[in-house]
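Peer 1: 3D model of this:
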Amino acid sequence: MTHDPRPFGRLLTAMVTPFAPDGALDVEGAARLATYLVDEQLNDALVISGTTGESPTTTDAEKERLLRAVVDAVGDRARVIAGVGTNNTAHTIELAQSAEKAGAHGLLVVTPYYNKPPQEGVARHFLSVAEASGLPVVVYDIPHRTGTPIATETMVRIAEHPRVVAVKDAKGDLTASSWVLARTDLAYYSGDDATTLPLLAIGGVGVVGTSTHFTGRIAKEMIEAYERGDNAAALAAHRRAMPLFTGIFRVPGTMLVKAGLSAQGLPAGPVRPPLVEASGAELDQLRQDAAAAGISI
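Peer 2: Numbering: from 1, shown residues only. Coordinates of the predicted model:
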């Protein structure tokens, strides 16, 4: 089936979930941060309740409140994708149906983690979720977190479902991605900021970023330069952003994004255990990485 080649635009950020000082969900802060990411960092879409959004430590009710707040804030000018992936197919379906009712424009569904299903189980998981709602699905392939890569043949199989439209590709295997891109019309978004440009070169369309809380404008410039055929400008933007594209992952990205946003006076708040607050030294290193990219934190 032929899909929109860029169903969620080019630049997406996996948004952190702001919490109040006591650790409660900061719904107003989430709306303000979403507005900043769309209006100031030029995001075409936001992913809510991904790993960066601390989805393992937010309740289903919190996920729904967060999603509704973000849709209300920016849903008229950006796409809002709900992270609904778990390692329980039935629970993922419940979250998908809840997200659809709350106004999401799409679903991010990660490979079931920890229980390491065989490829048949992986395929059935994604197809069951795609069948359970009317929303388009972004398949999240990140084997270094989940323990299970999505095989090329499995990806081609699930791409036959009309609502499986895109991939957040954090596999780190451009050869496998090339084969899927040659055999399907899936839209490939880099799930690793630093590989966005290489993925564009083999047919990718953009990025679901973490550093893009800060590097959104540079990343957008890079993607647009590549699309208009100005490879030199795209490469220059890629190299400029590399210190933050990579530095944001010195520790779990959520920790550094929240520290950096707080330093900028933007809504973020604390992280929830088992994550811990970034140390002073880690924030100093983030500031150095940002400065190398021409960004002030």
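Peer 1: Tell me where the model's unsure across this structure.
Peer 2: 1-2 (pLDDT under 70).
Peer 1: can you do 80?
Peer 2: For the chain, the stretches with pLDDT under 80 are 1-3.
Peer 1: part of a helix, is A232?
Peer 2: Yes. Assigned with DSSP: H, G, I helix; E, B strand; the rest coil, A232 falls within a helix.
Peer 1: roughly how far apart are it and I223?
Peer 2: Per Cβ to Cβ, to the nearest Å, A232 is found 15 Å from I223. Every residue, glycine included, has its C-beta placed from N, CA and C.
Peer 1: Please apply the same query to P7.
Peer 2: With Cβ to Cβ as the criterion, P7 and I223 are 15 Å apart.
Peer 1: Neighbour count: A232 and I223, which is higher?
Peer 2: Taking neighbours as other Cβ atoms under 10 Å, A232 and I223 compare with I223 leading, 26 against 8.
Peer 1: Other residues contacting the helix or strand in which that one is found?
Peer 2: I223 is part of helix 212-227, with elements assigned from DSSP states H and E. Identification of contacts with helix 212-227 by Cβ atoms under 8 Å, 6 or more residues apart in numbering yields 10-13, 15-16, 37, 40-43, 193, 196-197, 200-201, 206-207, 209, 211, 231, 233-234, 237-238, 240-241, 244-245, 248, 257, 260-261, 290, 293-295, 297.
Peer 1: taking those residues one by one, which sit in helices?
Peer 2: Counted as lying in helices by DSSP state H, out of the contacts of helix 212-227, are 37, 196-197, 200-201, 231, 233-234, 237-238, 240-241, 244-245, 257, 260-261, 290.
Peer 1: among those, which ones are buried?
Peer 2: Among the ones in helices among the contacts of helix 212-227, the ones that count as buried by 16 or more other Cβ atoms under 10 Å are 37, 196-197, 200, 234, 237-238, 240-241, 244-245, 257, 260-261, 290.
Peer 1: any idea which of those residues is the one closest to P118?
Peer 2: T196 (31.1 Å; Cβ to Cβ).
Peer 1: which residues does that closest one contact?
Peer 2: For T196, the contacting residues are 190, 204, 206-207, 209, 219, 222-223, 238, 245, by Cβ under 8 Å, 6+ apart.
Peer 1: Among those, give me the pair with the biggest separation.
Peer 2: Checking the contacts of T196 with Cβ to Cβ, the most distant pair is G204 and F245, at 15.0 Å.
Peer 1: And the strands in the chain, which stretches?
Peer 2: Using DSSP state E, the strands of the chain run over 11-14, 45-48, 79-83, 106-110, 137-141, 164-169, 187-190, 206-209.
Peer 1: my read: R6 touches A187, true?
Peer 2: Yes. With contact defined as Cβ atoms under 8 Å, R6 and A187 form a contacting pair (6.1 Å).
Peer 1: and these two? which has more neighbours close in?
Peer 2: Remark: of R6 and A187, A187 carries more neighbours, 22 against 16, as counted by other Cβ under 10 Å.
Peer 1: From D169, how far off is the more buried one?
Peer 2: For A187, the distance to D169 equals 10 Å [Cβ to Cβ].
Peer 1: Repeat that for V110.
Peer 2: 12 Å.
Peer 1: G229: neighbouring residues, count only.
Peer 2: 8.
Peer 1: what's the answer for D185, then?
Peer 2: The tally of other residues near D185 (other Cβ under 10 Å) stands at 12.
Peer 1: what's the answer for G203, then?
Peer 2: Neighbour number of G203 under other Cβ under 10 Å is 15.
Peer 1: do the same with Q285
Peer 2: By other Cβ under 10 Å, neighbour count at Q285 equals 16.
Peer 1: Find the nearest non-adjacent residue to it, please.
Peer 2: R250 (6.5 Å; Cβ to Cβ, 6 or more residues apart in numbering).
Peer 1: Kindly report the same for A82.
Peer 2: Leaving aside its chain neighbours, A82 sits nearest to A99 (3.6 Å; criterion: Cβ to Cβ, 6+ apart).
Peer 1: Confirm for me that the one you found is in contact with V109.
Peer 2: No. Using Cβ under 8 Å as the test, A99 is too far from V109 to be in contact (10.6 Å).
Peer 1: what is in contact with the two at once?
Peer 2: Shared contacts of A99 and V109 (Cβ under 8 Å, 6+ apart): V84.
Peer 1: Who has more neighbours out of the two?
Peer 2: A99 (28 against 24).
Peer 1: Could you report the distance from that one to V251?
Peer 2: Distance from A99 to V251, counting by Cβ to Cβ: 29 Å.
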